[in-house]
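Undergrad: model this:
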Amino acid sequence: MDEATHVDHSSLSSENNELFVPPDIIRHIATFRCIPPPCYTFNRVDDVYPLDAPGLAHHRCEWTAPELLLTSSAIYSDVYDLSWQSPRVHTVRALRSVLEGAFRPYLRRGESRTPAECIRCIDIVMELSVTQWEDVLPTLFHSLSQLRILILSDRTHSFLSLDGCSPSNVPIGPRPWGSTFPRSLTQVLLSSHNLGVNMDDLVLLSLEVPQLERLQVAKFNDPHYISLQDTVTSPSYFFPSLVWLSLGTFLRSPDDAISINSRGAKAFTTLLRALSVASGLRRLTRLDILYDIELPERFLQVHGPRIHTLSVPSKHHRSIRRHSSLSRFTSLKKLIFLLEPSVSPLAALTNPSLETIVFMNPPYPYLADVRQDAGNLRGLNDHIINEVLSAAPLFPALNRVVLSFPPSASPAEIDTFRQRLAIANITVDIIIVDL
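TA: A predicted model of the protein is given here:
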C-alpha cells in the first residue's frame, strides 16, 4: 500500500468491536486490485507500450475483483464501478452477465449508475461465429455510452456482422442514420492473430467510427483489396481522426517473425499502400510495426514527414533499414525498439530529428520465443550502449536513451550505464520491467 496513505487506526473498529475498514481504504485497495494491463488503457500517444493486446494467459478472471463485489453491499457500492471498467468476455456466461448489466432498467443496491455506464474498455475474447451472439453485439456496443476501447481478440469472420445500423443497398459514405458504436469509442484493437480483417472490414470500421484515433490490425487478409474501397470516393473517409496505427502483433507466426517477404508481411505492405491512396490519415503521428515489413514508397511520401513516434522490433527492423527508410521520417522524435534476444546494428540507420531512443522489454507475452532473464537483459544493455555510442554521430539531435532493467538492478549498475553515455551528452532514463 502507498506509504502516503494515512490510516486512522481508531476507525478500524466499530462500537461492537467488529472490524471496520473505511471506504477510502477499500477504494484504495480496489484501485490496485483492478489495475488493467497496458492494452486496456488509453495511453499517451508517445508511450513506450505499443498498441497491442497480446493473449493475457495470466488474466483469466472474467471480472477483476469478484471477491470484493461479493463481500457486502456496502463494499460493492464502493468498488463496483472499478471492477466494471474493463470486463474481459471469454465465456458465454461472461457475455450474458455483460448483457444483463447493460440492459437492465434498474439499479441494484449500492449502485449509483448501471454497469453499462461504467464500462470504458471491453475485450471480446470468445469465439463469435455463433449467429445468436453476433446479432446482439451491435445493440450491446451501442448501449455502452462511455466505451472508449474495444478489443476483438477473437472476432467474427466479417466486420459486416457488427454493422447493425446500415440500411441495405446504400453507397459507402457518411452515415446520417447513426452508428452501431457510441461516440465515446476512440480505440479499436483487432488483435486476433488467427482471424484477420480485410479492406471491406476496415472501410466499414472507418465509416462507423469516424472519430477513431487508435487502431491495431493484428492480421490483414486479402491482398487483393479492390472491393468496397472502390466505392469510397473523394473526399476520402478513411479514418479521418486516426492518430496511432499499429500493424501486427506480438503473437506472430515463425515465418512472419523472420521474413520481410512472408505472406503476412506482404499483406501489411499492401494495406499501407492502399491507405496512402487518397488517404484520410491526415492526423497520423504514430506507427507501430510489430511485423518486419516493407514500407511502400507512397506511404513514406505521404505520411513519413508526419510521424513523431515509431515502434519496431529490435532483431531485424529491416522496415526502417532498407532504402534508408528511417531518414524519410523527417519529424521523428522518438524511436522505440521492442527488445528481442538481439539488436541489429544501429549504424545502418540515420535520422536528423530523432531525440529519444527507447529499448523496451515488451509486455507478456514476448516477441521472442525465449524470455529475457536478468542476466540476458544486462548483457543486452551493455551491447546497446556500445551501439548507441557508435551510431551517435548519425543522430545529431539524440539526447536521451531509455533502457529496460530488471527489478534486481542496483543504483550503481544503472549509474555505470549513465556515465558511459554521458561522454556523448546523452542522458539515460530507466524502465523497471518484470521478467
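
Undergrad: how about the helices of the chain, start to end?
TA: Assigned helices in the chain, in chain order: 23-33, 66-69, 73-83, 92-103, 131-143, 199-208, 254-258, 263-275, 297-303, 318-321, 374-391, 411-422 (criterion: DSSP state H).

Undergrad: Quick one: mean pLDDT over the second one.
TA: Confidence over helix 66-69 (mean pLDDT, whole number) is 62.

Undergrad: what does the fifth one give?
TA: Here the mean pLDDT over helix 131-143 is 76, rounded to a whole number.

Undergrad: heads up, I number from 10, so please use that
TA: That works, and once the first residue is 10, the last one we named lands at helix 140-152.

Undergrad: Report the contact partners of the closest residue to residue 371 other than its chain neighbours.
TA: Nearest non-adjacent residue to residue 371, counting by Cβ to Cβ, 6 or more residues apart in numbering: residue 347, 4.6 Å away. Heads up, the C-betas are built off the backbone N, CA and C, glycines and all. Residues near residue 347 by Cβ atoms under 8 Å, 6 or more residues apart in numbering: 59, 299, 320-323, 369, 371, 376.

Undergrad: Likewise for residue 255?
TA: 59-61, 198, 223-226, 296-297, 299, 320.

Undergrad: Of the residues you listed, which belong to strands?
TA: The members of the contacts of residue 255 that map onto strands under DSSP state E are 198, 223-226, 296-297, 320.

Undergrad: domains of the chain?
TA: Per automatic domain parsing, the structural domains of the chain span 32-283, 317-444.

Undergrad: Just give me how far the last one sits from the chain centre.
TA: Chain-centre distance of domain 317-444: 20 Å, with Cα atoms, centre = their mean, to the nearest Å.

Undergrad: now do stretch 90-101
TA: 17 Å.

Undergrad: First-to-last residue distance for that stretch?
TA: 22 Å (Cα to Cα, to the nearest Å).

Undergrad: coming back round to it: as TSV, the domains of the chain with distance to residue 308 would be great.
TA: Listed next are the domains of the chain as TSV, based on distance: least, Cβ to Cβ, whole Å:
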stretch	distance to residue 308
domain 32-283	4
domain 317-444	9
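
Undergrad: By mean pLDDT, show me the worst of these.
TA: Looking at the domains of the chain, the bottom one is domain 32-283 with a mean of 77.

Undergrad: Using a markdown table, lay out the contacts of residue 347 together with neighbour count and distance to residue 46.
TA: Shown next, in a markdown table, are those (neighbours: other Cβ atoms under 10 Å; distance: Cβ to Cβ, whole Å):
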| residue | neighbour count | distance to residue 46 |
| --- | --- | --- |
| 59 | 28 | 13 |
| 299 | 27 | 17 |
| 320 | 25 | 17 |
| 321 | 25 | 22 |
| 322 | 26 | 20 |
| 323 | 23 | 22 |
| 369 | 20 | 15 |
| 371 | 27 | 12 |
| 376 | 23 | 16 |
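
Undergrad: I'd like to know which of these is nearest to residue 313.
TA: residue 321 (14.2 Å; Cβ to Cβ).

Undergrad: can you count the residues close to the nearest residue to the closest one once chain neighbours are set aside?
TA: Sequence neighbours aside, residue 298 is the residue nearest to residue 321 in space, at 5.1 Å (criterion: Cβ to Cβ, 6+ apart). Neighbourhood size, residue 298 [other Cβ atoms under 10 Å]: 23.

Undergrad: shouldn't residue 298 be in contact with residue 256?
TA: Yes: counting by Cβ atoms under 8 Å, residue 298 touches residue 256, with 5.7 Å between them.

Undergrad: got the phi/psi numbers for the spatially closest residue to residue 312 that is not a sequence neighbour?
TA: Once flanking residues are discounted, residue 312 sits nearest to residue 293: 5.6 Å by Cβ to Cβ, 6+ apart. Dihedral pair for residue 293: phi -60, psi 120, per degrees, to the nearest 10.

Undergrad: Is it correct that residue 293 is in contact with residue 249?
TA: No: between residue 293 and residue 249 there is no contact under Cβ under 8 Å: 10.5 Å.

Undergrad: out of these two, which sits in the busier spot?
TA: Legend: neighbour count by other Cβ under 10 Å for residue 293 and residue 249, higher for residue 293 (21 against 16).

Undergrad: mind listing what the more buried one touches?
TA: 251-254, 312, 315-316.

Undergrad: Highest neighbour count among those?
TA: residue 251 (25 neighbours).

Undergrad: check contacts around that one.
TA: Counted by Cβ under 8 Å, 6+ apart, residue 251 has contacts 221-224, 289-290, 292-293.

Undergrad: Let me have those residues in a markdown table, extended by distance to residue 427.
TA: Shown next, in a markdown table, are the contacts of residue 251 (distance: Cβ to Cβ, whole Å):
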| residue | distance to residue 427 |
| --- | --- |
| 221 | 40 |
| 222 | 35 |
| 223 | 33 |
| 224 | 37 |
| 289 | 44 |
| 290 | 38 |
| 292 | 36 |
| 293 | 34 |
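
Undergrad: Need the max-distance pair from those.
TA: Every pair of those checked by Cβ to Cβ; the farthest is 223 and 289, at 15.2 Å.

Undergrad: next one: phi and psi at the closest residue to residue 83 other than its chain neighbours?
TA: With Cβ to Cβ, 6+ apart as the criterion, residue 83 has its nearest non-adjacent residue at 7.0 Å, and that residue is residue 119. Backbone torsions for residue 119, taken as degrees, to the nearest 10, come to phi 90, psi -10.

Undergrad: Residue 119: what's it in contact with?
TA: So residue 119 contacts 82-83, 85-86, 89 (Cβ under 8 Å, 6+ apart).
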